[in-house]
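1. my questions concern the predicted model and sequence given below.
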Amino acid sequence: MSSARYRNWDEFRVHAGRRMVEANPDKTYTGVVPEPLLAIPVLEVELNGDGSVRRVRVQREPSQAGDTVRIAIDAVNRAAPYGDVSHLPRPWKFSEVFLFRDDRKFKPRALDL
């Protein structure tokens, strides 16, 4: 668990994206995002103050490759806890866009900005 303090949710999202990649090395990619993508699920992740996952809500389910939603949810949970967020403004939640390639590997969009 990281002890770093993030000044805002934008900084935290980059941290969370890196944790997802580190915790899911066989399910992620880095580098250029291909065109077209297989699927783009969007999740809202609600955290407890200690950075553990309280709830994950699907904000956007792709019309194809619906199994990518489960891959993304599992990746979020596998990367937890994300570190203390109690100093950040409430609600303690963030959204992440998962950019899936044809091989069903993803890149968190926070790492592609």
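-> That came in fine, so what should we check first? Residues are numbered from 1 along each chain as shown.
2. all helices of the chain, in order?
-> Across the chain, reading from the start of the chain, the helices by DSSP state H fall at 9-23, 67-79.
3. would CSV of the ones you listed with mean neighbour count be doable?
-> C-beta here means a position set from N, CA and C on the backbone, and glycine is covered the same way. Putting those into CSV (neighbours: other Cβ atoms under 10 Å) gives the following:
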stretch, mean neighbour count
helix 9-23, 18
helix 67-79, 18
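4. CSV for those, including mean pLDDT?
-> Formatted as CSV, the entries for those read as follows, by pLDDT from 0 to 100:
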stretch, mean pLDDT
helix 9-23, 97
helix 67-79, 98
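5. now those helices in CSV, with distance to Arg90?
-> Below are the helices of the chain laid out as CSV (distance: least, Cβ to Cβ, whole Å):
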stretch, distance to Arg90
helix 9-23, 11
helix 67-79, 19
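6. which of the ones you listed sits closest to Pro108?
-> Put simply, out of the helices of the chain the one that sits nearest Pro108 is helix 9-23, at 3.5 Å, with distance taken as Cβ to Cβ.
7. by how many degrees do that closest one and helix 67-79 diverge?
-> Following axes from the mean of the first three to the mean of the last three Cα atoms, to 10 degrees, one obtains 90 degrees for the angle between helix 9-23 and helix 67-79.
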